[in-house]
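Student: show me the folded form of this:
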Amino acid sequence: SICPSGGGAVIRPSTDLTVYLCREPVDMRKQIDGLALLVQEAMELNPFDKALFVFGNRQRDKVKLLFWERNGFVVWYKR
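Tutor: Sure, this is the predicted structure:
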């Protein structure tokens, strides 16, 4: 087994960050670069800030979260 039993570390952002919700529906085919560009241009925010950016699709049954962590972006996707 690659993962030891008993669980391991879970990747989670710190609890002292700001959460921004993009209120407009987003095409869920967008990946890291497209989401970061939305943060910069549509939301007029810095994607490298200590913040979590939340995007939803038109049907509101999928969500993507974008987060900058030390040396790269992290994307969580829930459907």
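Student: from here on, contacts and neighbour counts on C-alpha atoms
Tutor: Noted.
Student: which regions of the protein sit below the pLDDT cut-off?
Tutor: Residues of the chain meeting the criterion pLDDT under 70: 1-14.
Student: where do the helices sit along it?
Tutor: Secondary structure of the chain (DSSP state H): helices at 32-41.
Student: strands along that one, start to end?
Tutor: Remark: strands assigned in the chain by DSSP state E are 18-21, 51-56, 63-69, 72-78.
Student: and those strands as CSV, adding distance to residue 38 and mean neighbour count?
Tutor: CSV is the format used below for the strands of the chain (distance: least, C-alpha to C-alpha, whole Å; neighbours: other C-alpha atoms under 10 Å):
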stretch, distance to residue 38, mean neighbour count
strand 18-21, 12, 13
strand 51-56, 10, 21
strand 63-69, 11, 19
strand 72-78, 14, 12
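Student: save those strands as a markdown table, and put in distance to residue 28 too.
Tutor: Shown next, in a markdown table, are the strands of the chain (distance: least, C-alpha to C-alpha, whole Å):
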| stretch | distance to residue 28 |
| --- | --- |
| strand 18-21 | 15 |
| strand 51-56 | 8 |
| strand 63-69 | 8 |
| strand 72-78 | 9 |
